[in-house]
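Enquirer: structure for this input, please:
(one chain, ligands or ions: 1)
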Amino acid sequence: MNAQAPLPEIPKDRLPRHIGIIMDGNGRWANNRGLPREHGHERGADAVRTTVRAARKIGVEALTLFAFSSQNWDRPPTEVFHLMQLLNRYLVEERAEILDNNIRLVTVGQTHRLPEYVLEPMTNLIEASANNDGMVLCLALSYGGREMITDAVRKLARAVAAGTLEPESITTKSIEAHLDSSRMLPPLDLLIRTSGEHRISNFFLWEAAYAELFFTEVLWPDFQRENLIAALRDYAGRERRFGLTSSQVEDKEEEGT
Ligand code: FPP
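Expert: Below is the predicted model of the structure:
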């Protein structure tokens with residue numbers, strides 16, 4: 001991996017700080033070729049390597065990959081086992097590249113549900129990369145947006161029950177403060193989903209409130225640097241209003257310059 005190489009055609013201030021990707025289509029990629037679904041996941045892991053490398057070179061601050069959902073535990077046990085093996089392999093094989101490139105690994109999700117052979121290299125790499133500041137790579141593992149919001153609300157409910165928090169003091173800010181994503185990651189700017197499906201599928205439900213959505217027909221194993229750049233170009237051309245009017249946004253931009 002070379003030093004950072006921003007895209008000449010996209011000014012740095014038009015790049016998303018945080019990109020999330022729903023990596024969909026591994027199974028269809030394999031089916032189209034008459035191969036078992038596992039082959040699709042293996043090629044999907046190759047696309048993960050390519051995308052992490054590209055995002056780092058381009059200068060994206062944070063990249064979250066939806067690698068395994070809370071609901072994926074209900075897939076056939078052989079597929080779940082294969083995905084866990086792939087995760088283990090990724091964490092072991094990519095360790096040097098992640099560290100050499102100043103990438104910090106973090107995770108969101110109910111990771112205590114992962115098997116020890118994934119948890120061990122994962123925890124190890126999270127610790128070893130904790131001081132890196134080149135890019136944050138966040139793996140969403142055993143992750144569900146509803147589950148994360150439920151956990152946050154449960155913590156607040158405990159504080160109310162203990163008498164240390166007034167129900168009236170619960171705000172969007174306090175809920176957000178109890179989400180791991182808000183502590184470790186910049187706000188989500190761009191959410192990409194591959195494979196032609198137009199759903200959020202329990203990914204960053206809270207975080208996606210004002211994210212720009214980008215859908216591509218490309219199946220995840222075929223996702224290349226060019227596909228990421230296409231999403232970035234599209235994003236750079238969008239006007240983000242956050243509920244304001246266009247002229248208010250323009251005024252704000254002028255104030256900021
Ligand atoms: C969705 O495709 C993809 C997944 C459930 C798993 C994503 C896993 C990887 C990309 C590989 C391992 C990850 C890392 C970080 C090394 P699908 O199986 O639902 O595809 P389909 O909709 O075509 O059946």
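Enquirer: mind checking which helix or strand the nearest residue to Pro167 once chain neighbours are set aside is in?
Expert: Nearest residue to Pro167 in three dimensions, chain neighbours excluded: Val160, at 5.7 Å (C-beta to C-beta, 6 or more residues apart in numbering). Where C-beta positions appear, they are placed from N, C-alpha and C, glycine not excepted. Per DSSP states H and E: Val160 is located in helix 145-161.
Enquirer: show me what whatever helix or strand comes next after that helix is packed up against.
Expert: Next in sequence after helix 145-161, counting helices and strands by DSSP H and E, comes helix 172-177. Helices and strands touching helix 172-177, as assessed by 3 or more C-beta pairs under 8 Å, 6 or more residues apart in numbering; DSSP states H and E, comprise helix 145-161.
Enquirer: other SSEs contacting the helix it packs on?
Expert: Under the contact criterion of 3+ C-beta pairs under 8 Å, 6+ apart, helix 145-161 touches helix 172-177.
Enquirer: any idea how many residues pack against Arg43?
Expert: Neighbour count for Arg43, taken as other C-beta atoms under 10 Å: 20.
Enquirer: quick one: buried residues of the helix holding Val160?
Expert: Neighbour counts using 16 or more other C-beta atoms under 10 Å place 145, 147-149, 152, 156 of helix 145-161 among the buried residues.
Enquirer: for stretch 33-41, same thing?
Expert: Neighbour-count burial for stretch 33-41, with 16+ other C-beta under 10 Å as criterion, is recorded at 37-41.
Enquirer: quick revisit: and the buried residues of helix 145-161, which two are the farthest apart?
Expert: With C-beta to C-beta as the measure, no two of the buried residues of helix 145-161 lie farther apart than Gly145 and Leu156, at 17.0 Å.
Enquirer: out of the buried residues of helix 145-161, the closest to Asp222 would be?
Expert: Set against Asp222, the nearest of the buried residues of helix 145-161 by C-beta to C-beta is Gly145 (26.1 Å).
Enquirer: might you report the residue contacts of the closest one?
Expert: Residues counted as contacts of Gly145 (C-beta atoms under 8 Å, 6 or more residues apart in numbering) are 200, 202-207.
Enquirer: try Leu185
Expert: Leu185 neighbours (C-beta under 8 Å, 6+ apart): 18, 62, 64, 106, 136, 138.
Enquirer: find me the pLDDT at the residue lying closest to Glu147 once chain neighbours are set aside, would you?
Expert: Spatial nearest neighbour of Glu147, chain neighbours left out: Ser70 (5.3 Å); criterion: C-beta to C-beta, 6+ apart. The per-residue pLDDT reported for Ser70 equals 98.
Enquirer: would you confirm that Ser70 contacts Thr111?
Expert: No: using C-beta atoms under 8 Å, Ser70 is not in contact with Thr111, being 11.3 Å away.
Enquirer: can you check which residues contact both of those two?
Expert: With C-beta under 8 Å, 6+ apart, Ser70 and Thr111 have common neighbours Ser142.
Enquirer: thinking again about what came up before, could I get the contacts of Gly145 as TSV with secondary structure and neighbour count?
Expert: Shown next, in TSV, are these (DSSP: H, G, I helix; E, B strand; the rest coil; neighbours: other C-beta atoms under 10 Å):
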residue	secondary structure	neighbour count
Ile200	coil	17
Asn202	coil	17
Phe203	coil	21
Phe204	coil	24
Leu205	coil	15
Trp206	coil	17
Glu207	helix	23
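Enquirer: pull up the residues of the stretch 151-257 of the chain that are close to the ligand.
Expert: Contacts of the stretch 151-257 of the chain with the ligand, taken as C-beta under 6 Å from any ligand atom, map to 195, 220.
Enquirer: could you list the low-pLDDT ranges of the stretch 151-257 of the chain?
Expert: 257 (pLDDT under 70).
Enquirer: show me where pLDDT drops low in the stretch 1-150 of the chain?
Expert: 1-6.
Enquirer: what about the residue of it found nearest the ligand, how many residues close to it?
Expert: Nearest residue of the stretch 1-150 of the chain to the ligand: Gly27, at 2.4 Å (C-beta to the nearest ligand atom). Applying other C-beta under 10 Å, we find 20 residues neighbouring Gly27.
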